[in-house]
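**Student:** Sequence and computational prediction follow.
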Amino acid sequence: MIASKVTRETLEAAARDIGVAAQIDGMGRRFKVKLLPDVPAECYTAGGRRKRGERGHAPYQRTSAGTHDERRVHAVCWHGFRDYFRAVYKREPDAVFRTAIDTWRGADDFEARYRASGHHNVGSQIYPRAMAEVCACPESGMAV
């Protein structure tokens, strides 16, 4: 995603606040941002592999959009992006985010329209899955 009208410090602080990792490239007040799960040490076995099931899930863990497939994907879910945007907007309410799904121009625009993005299909045409549905969050399936 592209973030503009925002500082690097705000983007980094928002990622820390919600517990995800952020890869941030750019300068000034325009950045390319990639959010990734920040997997805690307790999610790994003594041998260094991710634990099976819920015990291996990172906060905001996205899952596969395949047919009834709950495999982990190394990505942040829709709820994680929602909380990240809110954390940024708390510090800089005029920030702009451009993603593949939509462009949000400030906190008011985001709060007015973000729920609809949770219903965007990321599955196949035969087996559609909503963005808010492909995650391991307690709110999975809800665009709230």
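**Tutor:** Great, that's in hand.
**Student:** contact partners of the top helix by length along the chain?
**Tutor:** Longest helix of the chain, by residue count under DSSP state H: helix 78-91. With CB atoms under 8 Å, 6 or more residues apart in numbering as the test, helix 78-91 has contacts from 3, 6, 10-11, 13-15, 17-18, 20, 22, 35, 37, 59-60, 62, 76, 95, 97, 99, 104, 106-107, 110, 114, 117-118, 131-132, 134-135, 137, 139-140, 143. (Glycine included, C-beta is placed from N, CA and C.)
**Student:** Also stretch 38-49?
**Tutor:** With CB under 8 Å, 6+ apart as the criterion, stretch 38-49 contacts 19-21, 50-51, 55-59.
**Student:** now with 7 Å?
**Tutor:** Residues from elsewhere that reach stretch 38-49 (CB atoms under 7 Å, 6 or more residues apart in numbering): 19-21, 50-51, 55-58.
**Student:** can you check stretch 25-36 too?
**Tutor:** Outside stretch 25-36, the residues that reach it (CB under 7 Å, 6+ apart) are 1-8, 11, 15, 20-24, 74, 76, 80-81, 84.
**Student:** switch the cut-off to 10 Å
**Tutor:** 1-8, 10-12, 14-15, 18, 20-24, 58, 60, 62, 74-77, 80-81, 84, 88, 92, 95-97, 99 (CB atoms under 10 Å, 6 or more residues apart in numbering).
**Student:** taking the residues you listed one by one, which sit in helices?
**Tutor:** 8, 10-12, 14-15, 18, 80-81, 84, 88.
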